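J.: Let me see the structure of the following:
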Amino acid sequence: MTPEGVLQIDGVRKEDLGTYICSAVSAAGSTEVTARLLLTSQDQLPKPIISVGPRNQTLALKSMAAFPCETLGRPTPTTKWIKDGKELAAGVKGESESRLSVSPNGTLQITGKLSKDK
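T.: Residues are numbered from 1 along each chain as shown. Next comes the predicted model:
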């Protein structure tokens with residue numbers, strides 16, 4: 001229970017399901033509100049939704065490409081990008097600085113920078 005009166009249950013388990021009653025009492029009287037906690041299994045959760053997805057692009061060499069991938073869902077989904085069957089490791093440093101980055105909202109950016117060797 002928080003100081004503000006919020007009941008928080010971290011790591012909900014089967015024994016937590018049931019009816020909860022919040023009761024307030026003062027010199028003016030009393031009141032209460034009831035809430036039920038129900039549980040759902042993982043297979044009953046809805047799949048994530050891609051609310052804004054990438055589109056095909058035709059770009060000039062050395063330009064920057066940006067592919068949006070904004071997702072919605074509960075629990076909050078993670079975004080990953082796959083190219084030719086392999087997961088892209090955005091932001092990983094190799095022999096040259098990585099040209100890939102993924103923003104917090106899931107947009108993949110590929111910069112036109114080439115390594116010094118090329």
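
J.: Centroid-wise, who is the farthest residue in this structure?
T.: Ala27 (45.7 Å; C-alpha atoms, centre = their mean).

J.: How much space separates the residue nearest the centre of the chain from Pro68?
T.: Of all residues in the chain, the one closest to the mean position by C-alpha atoms, centre = their mean is Thr76, 3.3 Å from it. For Thr76, the distance to Pro68 (C-beta to C-beta, to the nearest Å) stands at 17 Å. (C-beta placed from N, C-alpha, C; glycine too.)

J.: Same check on Gln44?
T.: From Gln44 to Pro68 the distance is 29 Å (C-beta to C-beta).

J.: Looking only at neighbour counts, state which of these two leads.
T.: Neighbour totals were compared for Gln44 and Pro68, and Pro68 leads with 16 against 7 (other C-beta atoms under 10 Å).

J.: remind me which residues of the protein are low pLDDT?
T.: For the chain, residues meeting the criterion pLDDT under 70 lie at 90-97, 113-118.

J.: Where do the strands of the protein begin and end?
T.: Taking DSSP state E to define them, one finds strands in the chain at 18-26, 29-37, 49-52, 65-67, 70-72, 82-83, 86-87, 100-102, 108-110.

J.: Buried ones in the fourth one, by neighbour count?
T.: Right, strand 65-67. Buried residues in strand 65-67, counted by 16 or more other C-beta atoms under 10 Å: Phe67.
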